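Enquirer: Give me a model of this one.
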Amino acid sequence: MRAISKSSCGRGDALSPRKNVFKGAAILSTGQGLGRILSFVRNLIVARLVTPEDFGIAATFAITVSVFEMISDLGSDKLIIQAKDGDNELLQATAQSWLFVRGLMAAIFIAGLAKPISRLFDVPEAQWAFMVLGLVPLMRGLAHLDRIRLQRGMRFGPQVAAEAGSQLVATLSAWPLAAWLGDYSAMLWLVILQAGSFAIISHAFALRRYRWAWDRGSAHRLVTFGWPLLVNGLLMFGILQGDRLVVGSMYSIRDLGLYSVAAALTMTPTMVLASLSTSLLLPLFSEVQDAPERLCRRYRLSVQLFSGLSGLTAVGFILAGQPLLVLFFGSAYEDAGTIIAALAIMQGARLLRIVPTVAAMARSDTSNSMMANLFRIAALPLALLAAWFHLPIFWIAVAGAAGELLGLLYSLSRLQRKQSLRVGIAIGPVLVTAACITGAFFLEPLVSHSIAKLIIALLVIGCVLLLGMSAFDESRSELRRAAYALLRYRPVLLKTQI
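Expert: Purely as a prediction, here's the structure:
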């Protein structure tokens, strides 16, 4: 990559495309984050109004839909963005046809397998609900792909409107529906409402007429492009839903309800941070992909910052997870606090994995994430073994945490082999994070009062942040720079307030 001249660092046109990409990615990731927060709020409302058993049945809906969607996802939306002729109407129409066929097939399979699915989860009374659940993939299959095509021109509004807007509709409907129905059926109608709203909003913001077509060449491209993504989708199902599938099929439905609320609480901030961070890190790493020293410096700083974020997340949930569960979901879910610590470590390791994954992606190594996910999936046999011996569900979460740590170690080692970014860069920050998490484990049993736990959690989180930021040269420099900037502009801020 050629050096950036002073003239290209001004306000000229050379910077505009990069700024547009960064702005567009920020808008898209913010929309995705908002959608996840709204989804969490919707689950929170339903969980407060139904029993853990009913919420466990509701959790099986997400597992079931995820199975059929992930085993048929050829990434047609990604092809439209990536392909040089992604604006081609025939390609888009073919992709829309495949989406509908995929949704129709999933709907038929879910409805046809409603009885064995309900028996798998030991909820025969919910057989009717699984039959109706087939409407969800069918409605999603009717969504317009113009919202995807418009992203080629950095127009992310339609996609954000469809994602966040449909979640908003479902969230606003959660309280009246759950209060009226009072059982798992409330979540069934909410996911159907969300899927229908998504499809409708996608058509409302489309510029092209919606149509179907079937071009053999385009269909072949879909399969060729999408089969690796299909494999990765299966891996992602194992990561995001595998542990819940084990709990739902081999433990009680109440255990699944408890596990699901704990997972939702710990996963939501992680997924929001992951969505935002990926959009921020990829342009930063890609900009210096051909300048090894600059890439190494940015990678080192990013590892340090994300180690701090990981420590904040894990320590916060270890110390304050149980009172937060009771605060958000109610005392009926208090028993879920026993698995919070293991889930917190799992999500902390997942956050740490973002940096090496994105750094590899910036150097065109898209296999880093897939191979690390294979190591993450290797933990599922451990979860099955724990379930076979009827161990508490805490050990299912421990197996997931072990898998995430294995995936992190592989991702770091592959990055060293393929991109010459040494594993040692991450060792120090990860050890600091591990020390903070270990300290939180020993501290948590010493405090029994919930309010005290919350206060201590805030204090420890602040100490973790300062320790993580000040222990290493790059992050300490950034901390000094931020403090200097704050002090420098303090009079201006005071004058503005006056």
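Enquirer: So which bits of stretch 238-255 are buried?
Expert: Buried residues in stretch 238-255, counted by 16 or more other Cβ atoms under 10 Å: 238-251, 253-255. C-beta coordinates here come from the backbone N, C-alpha and C atoms, glycine included.
Enquirer: swap in stretch 141-155?
Expert: Gly141, Leu142, Ala143, His144, Leu145, Asp146, Arg147, Ile148, Arg149, Leu150, Gln151.
Enquirer: Stretch 165-182 too?
Expert: For stretch 165-182, burial by neighbour count (16+ other Cβ under 10 Å) applies to Gly165, Ser166, Gln167, Leu168, Val169, Ala170, Thr171, Ser173, Ala174, Leu177, Ala178, Leu181.
Enquirer: before we move on, what about stretch 310-328?
Expert: Within stretch 310-328, the residues that qualify as buried are 310-326, 328, counting by 16+ other Cβ under 10 Å.
Enquirer: Among the residues you listed, which lie within helices?
Expert: Residues of those located in helices (DSSP state H): 310-326, 328.
Enquirer: which residue ranges form the strands in the stretch 101-250 of the chain?
Expert: Taking DSSP state E, counting those that start in this stretch, the stretch 101-250 of the chain contains no strands at all.
Enquirer: cool, the stretch 351-498 of the chain as well?
Expert: Per DSSP E, counting those that start in this stretch, the stretch 351-498 of the chain carries no strands over any range.
Enquirer: returning to what we had before: of the buried residues of stretch 238-255, which belong to helices?
Expert: If you go by DSSP H, these have 238-240, 242-250, 253-255 in helices.
Enquirer: For Ala83, which non-adjacent residue is closest in space?
Expert: Leu91 (7.0 Å; Cβ to Cβ, 6 or more residues apart in numbering).
Enquirer: swap that for Gly31, sorry
Expert: Gly31's closest residue in space is Val160 (Cβ to Cβ, 6+ apart), at 3.1 Å.
Enquirer: any idea how far that neighbour is from Ile37?
Expert: 13 Å (Cβ to Cβ, to the nearest Å).
Enquirer: Also Leu385?
Expert: In terms of Cβ to Cβ, Leu385 sits 35 Å off from Ile37.
Enquirer: Comparing those two, which shows the higher neighbour count?
Expert: Ile37 (17 against 12; other Cβ atoms under 10 Å).
Enquirer: That one touches Met267, doesn't it?
Expert: No: taking Cβ atoms under 8 Å as the definition, Ile37 is not a contact partner of Met267, at 11.8 Å.
Enquirer: leaving aside the residues next to it on the chain, what's closest to Ser425?
Expert: I think there's a mix-up here, since residue 425 is Ile and not Ser. Arg300 (5.2 Å).
Enquirer: wouldn't the one you found be in contact with Gly424 here?
Expert: No: applying Cβ under 8 Å, one finds Arg300 not in contact with Gly424, separated by 10.2 Å.
Enquirer: Leu49: how many residues sit nearby?
Expert: Leu49: 20 neighbours (other Cβ under 10 Å).
Enquirer: Correct me if wrong: it contacts Ala178.
Expert: Yes: between Leu49 and Ala178 there is a contact at 4.0 Å, judged by Cβ under 8 Å.
Enquirer: what touches both of the two?
Expert: Common contact partners of Leu49 and Ala178 (Cβ atoms under 8 Å, 6 or more residues apart in numbering): Ala186.
Enquirer: need the contact list for the residue nearest to Ala83.
Expert: Residues near Leu91 by Cβ under 8 Å, 6+ apart: Leu79, Ile80, Ala83, Asp85, Asp215, Ser218, Arg221.
Enquirer: Among those, name the ones in helices.
Expert: Filtering the contacts of Leu91 for helices - DSSP H - leaves Leu79, Ile80, Ser218, Arg221.
Enquirer: Closest one to Arg353 out of those, please.
Expert: Of all those, Arg353 sits closest to Leu79, with 25.8 Å by Cβ to Cβ.
Enquirer: Just give the nearest non-adjacent residue to Val132, would you?
Expert: Nearest residue to Val132 in three dimensions, chain neighbours excluded: Leu188, at 6.4 Å (Cβ to Cβ, 6+ apart).
Enquirer: how close does the one you found sit to Leu135?
Expert: Separation of Leu188 from Leu135 (Cβ to Cβ): 9 Å.
Enquirer: do the same with Trp214
Expert: Taking Cβ to Cβ as the measure, Trp214 falls 24 Å from Leu135.
Enquirer: Compare those two and say which is more crowded by neighbours.
Expert: Set Trp214 next to Leu135 and count neighbours by other Cβ under 10 Å: Leu135 wins out with 19 against 12.
Enquirer: Contact partners for the more buried one?
Expert: Leu135 makes contact with Ala107, Ile192, Ala195, according to Cβ under 8 Å, 6+ apart.
Enquirer: now, which of those residues lie within helices?
Expert: Ala107, Ile192, Ala195.
Enquirer: tally of neighbours for the nearest residue to the last one once chain neighbours are set aside?
Expert: Right, Ala195. Nearest non-adjacent residue to Ala195, counting by Cβ to Cβ, 6+ apart: Met139, 4.1 Å away. For Met139, the neighbour count with other Cβ under 10 Å is 21.
Enquirer: So Met139 sits against Ala199, correct?
Expert: Yes: counting by Cβ under 8 Å, Ala199 is a contact partner of Met139 at 5.2 Å.
Enquirer: pLDDT below threshold where in the stretch 351-498 of the chain?
Expert: For the stretch 351-498 of the chain, the stretches with pLDDT under 70 are 364, 366, 447-451, 453-454, 457-458, 461-462, 464-498.
Enquirer: Where do the helices of it begin and end?
Expert: Remark: helices assigned in the stretch 351-498 of the chain by DSSP state H, counting those that start in this stretch are 354-362, 367-377, 380-388, 394-419, 424-443, 450-470, 473-488, 490-497.
Enquirer: how distant is the longest one from the center of its chain?
Expert: What it means is helix 394-419. 17 Å (Cα atoms, centre = their mean, to the nearest Å).
Enquirer: Would you mind listing the buried residues in that helix?
Expert: 394-412, 414-415, 419.
Enquirer: Check the third one too.
Expert: The neighbour-count check on helix 380-388 (16+ other Cβ under 10 Å) flags Leu380, Leu382, Ala383, Leu384, Ala386, Ala387 as buried.
Enquirer: Excluding sequence neighbours, find me the nearest residue to the third one.
Expert: Distances taken as Cβ to Cβ, 6+ apart put Ala399 closest to Ala383, at 4.1 Å, once the chain neighbours are dropped.
Enquirer: Pretty sure Arg376 is one of the things that neighbour touches, is it not?
Expert: No: between Ala399 and Arg376 there is no contact under Cβ under 8 Å: 10.6 Å.
Enquirer: still on that earlier bit, compile the contacts of Leu135 into JSON lines and extend it with columns for distance to Ala434.
Expert: Formatted as JSON lines, those follow (distance: Cβ to Cβ, whole Å):
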{"residue": "Ala107", "distance to Ala434": "46"}
{"residue": "Ile192", "distance to Ala434": "43"}
{"residue": "Ala195", "distance to Ala434": "41"}
